[in-house]
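# below are the sequence and a predicted model; questions follow.
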Amino acid sequence: TLTYISDLIGSSQPATSTNHTISFQTASAIPPSGSIVVRNESTGLNFPSGLDFGDMDLRVDSGSGFVERTLASTATVSVDGVAVVTGTNGSITITLASVAAGIPAGSTIELLIGTHATSGAVGDTQIINPSSIGSIRIILETKDPGSAILDEGKTMIAILDPVGVSAVTVVTVPVLFNGL
């Protein structure tokens, strides 16, 4: 089971494009050619057609600080590949490089999705929140090269109407009274 799962979003406003920072800790090692999958439990977040590896950063901390992994559209012997299924039933699958290091058990993984992803290229596309308010459950899975699930976990985000803050200033006019 994955632990310490979170999805920090830039905006919870309905029908808004926003950045996501997904973090979790692995229980099992993810071997070379294994994968990480991010998906909606049911319809919800919209993975738009322009979303690709350039809009993502994958960082792994195996105990000595975060190390950025190189992403591309397909996995090679030394580069991780990203596949995006678009739409509200969409998903993101990151397939680890076939020869380079896998990800050890107990590692903390951080996946940045959106315009705050800056490694390799600066992201230009964000995930789109649904148009209605409510909770969205996001499923994370790690898989072996044969697509068998190694670990799984869920996190939730809330889509809320924007909150406004305003101030009212009350002015009290002094009253002069001479006692008569």
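Structure's in. What do you need?
# OK, contacts around Thr115?
Residues near Thr115 by C-beta atoms under 8 Å, 6 or more residues apart in numbering: Asn19, Asp55, Val122, Gly123, Asp124, Thr125, Gln126. In this view, the C-beta of every residue, glycine as well, is placed from N, C-alpha and C.
# now rank those residues by neighbours and give me the top one.
Greatest neighbour count in these, by other C-beta atoms under 10 Å, goes to Asp55: 26 neighbours.
# now that one, nearest residue through space, not along the chain?
Gly123 (3.8 Å; C-beta to C-beta, 6 or more residues apart in numbering).
# surely that neighbour touches Gly54?
Yes. Contact criterion C-beta atoms under 8 Å: Gly123 and Gly54 qualify, at 6.3 Å.
# ok, and the closest non-adjacent residue to Ile133?
Ile133's closest residue in space is Ile159 (C-beta to C-beta, 6+ apart), at 5.2 Å.
# can you tell me how far that neighbour is from Leu8?
With distances taken as C-beta to C-beta, to the nearest Å, Ile159 is found 14 Å from Leu8.
# neighbour count winner among those two?
Taking neighbours as other C-beta under 10 Å, Ile159 and Leu8 compare with Ile159 leading, 22 against 12.
# which stretches of this protein have low pLDDT?
175-180 (pLDDT under 70).
# okay, strands next: where are they in it?
Under the criterion DSSP state E, the chain carries strands at the ranges 3-9, 17-18, 20-25, 35-40, 56-61, 66-69, 71-72, 80-85, 91-95, 108-113, 127-128, 134-143, 149-159.
# and the residue nearest to Asp55, what are its phi and psi?
phi -60, psi 140 (degrees, to the nearest 10).
# please name the residues that touch it.
The neighbours of Gly123, taking C-beta under 8 Å, 6+ apart as the test, are Gly54, Asp55, Met56, Leu112, Ile113, Gly114, Thr115, His116, Ala117.
# give me the buried subset of the residues you listed.
Gly54, Asp55, Met56, Leu112, Ile113, Gly114, Thr115, Ala117 (16 or more other C-beta atoms under 10 Å).
# any idea which of the residues you listed is the one closest to Ala101?
Met56 (18.8 Å; C-beta to C-beta).
# distance to Phe24 added to the contacts of Gly123, as TSV?
Converted to TSV, the contacts of Gly123 look like this (distance: C-beta to C-beta, whole Å):
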residue	distance to Phe24
Gly54	22
Asp55	19
Met56	15
Leu112	13
Ile113	14
Gly114	18
Thr115	22
His116	18
Ala117	17
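# report the two of these separated the most.
Gly54 and His116 (12.6 Å).
# still on that earlier bit, so can I have JSON lines of the strands of the chain showing distance to Val170?
JSON lines is the format used below for the strands of the chain (distance: least, C-beta to C-beta, whole Å):
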{"stretch": "strand 3-9", "distance to Val170": "37"}
{"stretch": "strand 17-18", "distance to Val170": "37"}
{"stretch": "strand 20-25", "distance to Val170": "42"}
{"stretch": "strand 35-40", "distance to Val170": "48"}
{"stretch": "strand 56-61", "distance to Val170": "49"}
{"stretch": "strand 66-69", "distance to Val170": "51"}
{"stretch": "strand 71-72", "distance to Val170": "56"}
{"stretch": "strand 80-85", "distance to Val170": "53"}
{"stretch": "strand 91-95", "distance to Val170": "52"}
{"stretch": "strand 108-113", "distance to Val170": "45"}
{"stretch": "strand 127-128", "distance to Val170": "42"}
{"stretch": "strand 134-143", "distance to Val170": "38"}
{"stretch": "strand 149-159", "distance to Val170": "34"}
